[in-house]
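Novice: Structure for this input, please:
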Amino acid sequence: MQSPRPNVLEIAFAIGTILGSLWVAGVMLGATYSSGHLIHNRLELATLVLCSIVGPGMLAWQQYRSTFRQKTSAARFCMIMSALLTIISLATSCIGPFGILIVNIAHFLVFEHDSRVAEGAILVLVLLAFVCDITWFVLNAQWWQSLKARDAAADAKIGPAFTIVDAIALFAGILVALAFAIQRVQLQVS
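Specialist: Here you go, the predicted structure:
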């Protein structure tokens, strides 16, 4: 059986998830750095930095492995995480993963431009965020099912678990997250 290929929508959501996760990691690192006066010891700092990198970083890494390396275990992880984050965002009336970017757009519209468009724009953007979260879960679930069916139909060849391309992608992701963190710190300093 031929290996399934992700469609354009799956690729777009995967790239959005990867970039959004790296952005969140950068924002969390920047916030950790800027709130240094609130951190009382090195263990607290190390814990905050570790959480800033591991949480969003793991999601970005697994989304990359799922979509672009077609790893079934990564697809299952992404499906579970997207379901969990979508349920949490719907249950708490919070904005989920894609909502973070949309809320920033709404903030820009409201506070940087004409506030008359605020009410309608924010409602539309919040609904768009919920639709994006649900779509993200559905796409991850479908992708996991197609990879699972591929593995069940034929014995999947087991390749190297970690290639040089994966190492370069991981390093690039860390650099992007650090760039976001540095930009946030520089914006707060100026």
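Novice: switch to C-alpha atoms for all contacts and neighbour counts from now on
Specialist: Will do.
Novice: Around residue 135, count how many other residues there are.
Specialist: Residue 135 has 17 neighbouring residues, counting by other CA atoms under 10 Å.
Novice: Ok, residue 164 next?
Specialist: 9.
Novice: So residue 179 sits against residue 26, correct?
Specialist: Yes. Residue 179 lies in contact with residue 26 (CA atoms under 8 Å); the separation is 7.1 Å.
Novice: buried sites along the strand or helix carrying residue 127?
Specialist: Using DSSP states H and E, residue 127 maps to helix 118-153. Residues of helix 118-153 classed as buried by neighbour count (16 or more other CA atoms under 10 Å): 118, 121-122, 125-126, 128-130, 132-141, 143-148, 150-151.
Novice: now do stretch 51-71
Specialist: Buried-residue list, stretch 51-71, by 16+ other CA under 10 Å: 52-53, 56-67, 70-71.
Novice: likewise stretch 20-30?
Specialist: For stretch 20-30, by 16+ other CA under 10 Å, it's 20, 21, 22, 23, 24, 25, 26, 27, 28, 29, 30.
Novice: Kindly report the same for stretch 74-93.
Specialist: 74, 75, 76, 77, 78, 79, 82, 83, 85, 86, 87, 89.
Novice: can you dump the C-alpha coordinates of the helix or strand hosting the fifth one into PDB?
Specialist: Meaning residue 78. Residue 78 belongs to helix 72-91 when assigned by DSSP H and E. Output in PDB follows, covering the C-alpha atoms of helix 72-91 (Å, rounded to 0.1, in the frame of the first residue of the first chain):
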ATOM      1  CA  THR A  72       2.000   6.800  13.500                       C
ATOM      2  CA  SER A  73       2.900   7.300  17.100                       C
ATOM      3  CA  ALA A  74       3.400  11.000  16.600                       C
ATOM      4  CA  ALA A  75       0.100  11.200  14.800                       C
ATOM      5  CA  ARG A  76      -1.600   9.600  17.700                       C
ATOM      6  CA  PHE A  77       0.100  12.000  20.200                       C
ATOM      7  CA  CYS A  78      -1.000  15.000  18.100                       C
ATOM      8  CA  MET A  79      -4.600  13.600  17.800                       C
ATOM      9  CA  ILE A  80      -4.700  13.200  21.600                       C
ATOM     10  CA  MET A  81      -3.200  16.600  22.300                       C
ATOM     11  CA  SER A  82      -5.500  18.400  19.800                       C
ATOM     12  CA  ALA A  83      -8.500  16.600  21.400                       C
ATOM     13  CA  LEU A  84      -7.400  17.600  24.900                       C
ATOM     14  CA  LEU A  85      -6.600  21.200  24.000                       C
ATOM     15  CA  THR A  86      -9.800  21.600  22.000                       C
ATOM     16  CA  ILE A  87     -12.000  20.100  24.800                       C
ATOM     17  CA  ILE A  88     -10.300  22.300  27.400                       C
ATOM     18  CA  SER A  89     -10.800  25.400  25.300                       C
ATOM     19  CA  LEU A  90     -14.400  24.600  24.600                       C
ATOM     20  CA  ALA A  91     -15.200  23.600  28.200                       C
END
